[in-house]
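Sequence and computational prediction follow.
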Amino acid sequence: MSTKRETVGIDSVESLHRRIEELERWFERQDRQIRSLERERQKLSALVNHTDAGFLVFDAGLSVLWLNNVCRQWFRGNGSIHAGRAATCNELLCGSGQICRECPAAGALAAGTVSHREIRFDLAEAARHIYATAMPIKTPDNRVVECILMLQDITNLEVLRRSQDALLRAKESAEAANRAKSEFLANMSHEVRTPMTGILSMSSFLLETPLSTEQRECVDIIQSSGESLLTIINDILDFSRIEAGRLSIEPIPFDLTAAVDEVVTLVSEKTEEKRLELIVRYAPDLPHRVVGDAGRIRQALMNLVANAIKFTHEGHILINVEKLDGDALSARLRLSVEDTGIGIRSDKISSVFEKFTQADGSITRRYGGTGLGLTISKELVELMGGEIAVTSTAGSGSTFSFTLRLPLDIEAPIPPPVATLEGRRILVLHDHEKVRAVLAEQLAGWKAQVHCASTGSAALAALRAAHEAGEPFHVALVAHDVSDQTPEELALAIRRDPALGSTALVLLTTRGRLAEAERLQAVGFDAFLTRPTRPAQLKNVLSSARPAGHTAGAKPARS
């Protein structure tokens, strides 16, 4: 019996020890959890007390249980916080003895969901705009017992919002005034242009009447000043029509090369005055008949060419018309204008298409103009669904270009057969490398055999070498202003050589020098072309040119 009792006693003691150890481990776990919770409480306390937002905790009766330092700072002048009792939500935020209907805390307690509201309350130092978010705190059985209210100060945002609203209203008012101005100018287009056109017509008429030298100088000034003023008026009125939305695109079938040729005709006199080489290149695969607004394309190109002429004092201007890609129904085309003018600084390129803007103030003072030409071209190109671009180097010139995708005029009638240059051997004499390259490409595209020379002596050597090889040139296309020989000297040298008598001579000259045609025809030239050459004229003259014998009274062919 005693042994049995001793055994039971030992088991009880061991069980008690195990129980004590389990309790010690449980207390250790509890202690660790308490310390962890305390650390989290300290973190949370630091967070809510050092943030810019205010935090309050309310009980179910909307009395304040706790508030962070931000709220203590905001409400330090409110006596209800320090009156020996807990302040209520309405006392702090509304200054009222009753709970307001829109109270976010009351809403969160009642519905058990998060509630938001933008409120305004007055403190001792200033009025504040607050964005309030109320969040309910629930028991495990889903009863709402407390509420946390977060207050975010949006006073500065409210001021910014009001400023933005005021700016928006001012912007809308300015845009309305600008539209009214543009509409007015667009409506005044005819009334403004008509008197100026009348002045120019009468000055042109006066210039055709007998005038003294002094009178002619005065009328010339009236004419040139009037033309400049009309250009400015046209720019302003065109831009006003664009801004007023009065400009529409009217696509029709047209000949692209003919449209470009019209621009060339209009600017050729000005390039001659400035002694600039005007070069026009039509790519061999360029479609001629397309569908688009020919007038707007001419206007966009004209503005780019006029801009190039204005800022170029020497060298050349190249108008390049090429096909980038396409199919049986449409083609993407690029029209570019390259010049050797003053160029544009890299930091100014981004502003060249802005209205009333030129590269810098001195440009406006020196060259004049409205600064609208490039802007109008940009607006027109984009209105037609295209893109405009510029590349430039200060002091070395610029290239402005625009691309358009145009439908092909597939219903155009088949053109009649034209003269052919196939197999015709042609010598091109010109001292400008780009001109030689453009002419050679064009003639080779018509299957002519082309040889180029840059000097008169080189041309003579090529003519004699071709004769000795038994393949003399059919035609020599000679530029008027080759550096080493005059056209007269070159023609006489060729005509005095019996071996070269089978070669027809065609002079490539300017309109201002056509008066010399009879004199140069007498010494050996058979035909004349004015530059820049038009493709159809170039082909016709070179295919039909023959040595004429140069008898007195013979008429040279002209373009």
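Happy to help now that I have it. Residues are numbered from 1 along each chain as shown.

all helices of the stretch 51-200 of the chain, in order?
Using DSSP state H, counting those that start in this stretch, the helices of the stretch 51-200 of the chain run over 69-74, 89, 104-111, 155-187, 189-207.

One more: the stretch 201-350 of the chain?
213-243, 256-273, 294-310.

so which of those helices comes closest to L16?
helix 213-243 (98.4 Å; Cβ to Cβ). For the C-beta atoms, the positions are set from N, CA and C on the backbone; glycine is no exception.

Report the angle between that closest one and helix 294-310.
Taking axes from the mean of the first three to the mean of the last three Cα atoms, to 10 degrees, helix 213-243 and helix 294-310 form an angle of 130 degrees between their directions.

Buried residues in helix 213-243, which are they?
By 16 or more other Cβ atoms under 10 Å, the buried positions in helix 213-243 come out as 219, 222-223, 226, 230, 233-243.

Any idea which helix or strand in the protein has the lowest mean pLDDT?
Of all helical and strand segments in the chain, the minimum by mean pLDDT, DSSP states H and E falls on helix 361-367, at a mean of 54.

could you point out which element follows that one?
helix 373-383 (DSSP states H and E).

Could you list every helix and strand in contact with that following helix?
With contacts defined as 3 or more Cβ pairs under 8 Å, 6 or more residues apart in numbering; DSSP states H and E, helix 373-383 has these neighbours: helix 213-243, helix 294-310, strand 387-393, strand 397-407.

For L421, see how far away the most centrally placed residue in the chain is.
The centre of the chain sits closest to I388, judged by Cα atoms, centre = their mean, with a distance of 6.1 Å. In this view, I388 and L421 are 36 Å apart by Cβ to Cβ, to the nearest Å.

Number of residues surrounding the residue nearest to E422 when sequence neighbours are not counted?
Distances taken as Cβ to Cβ, 6 or more residues apart in numbering place K447 nearest to E422, at 4.0 Å, with adjacent residues excluded. Per other Cβ atoms under 10 Å, the neighbour tally for K447 reads 11.

Thought I426 was touching K447, still the case?
No: in this structure, K447 is not within contact of I426 by Cβ atoms under 8 Å, at 11.0 Å.

list the residues that contact both of the two?
With contacts defined as Cβ atoms under 8 Å, 6 or more residues apart in numbering, no residue is adjacent to both K447 and I426.

Strands along the stretch 401-550 of the chain, start to end?
425-429, 449-453, 475-479, 504-509, 527-530 (DSSP state E, counting those that start in this stretch).

nearest to H288, of these?
Closest among the strands of the stretch 401-550 of the chain, using Cβ to Cβ: strand 527-530, at 20.2 Å.

Now do that closest one: which elements does it pack against?
Checking 3+ Cβ pairs under 8 Å, 6+ apart, strand 527-530 ends up next to strand 504-509, helix 517-523, helix 535-544.

change it to 7 Å
strand 504-509, helix 535-544 (3 or more Cβ pairs under 7 Å, 6 or more residues apart in numbering; DSSP states H and E).

Deepest-packed of the ones you listed, please.
Most buried of the helices and strands packed on strand 527-530, by mean neighbour count (mean count of other Cβ atoms under 10 Å): strand 504-509, with a mean of 24.

State the paired neighbours of that strand in the sheet, together with their directions.
If you go by DSSP bridges, strand 504-509 pairs up with strand 475-479 (parallel), strand 527-530 (parallel).

Adding mean pLDDT, write the ones you listed out as TSV.
Listed next are the strands paired with strand 504-509 as TSV, based on pLDDT from 0 to 100:
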stretch	mean pLDDT
strand 475-479	91
strand 527-530	86
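
taking the ones you listed together, which one is wrapped up most tightly?
Buried most deeply of the strands paired with strand 504-509, by mean count of other Cβ under 10 Å, is strand 475-479, with a mean of 26.
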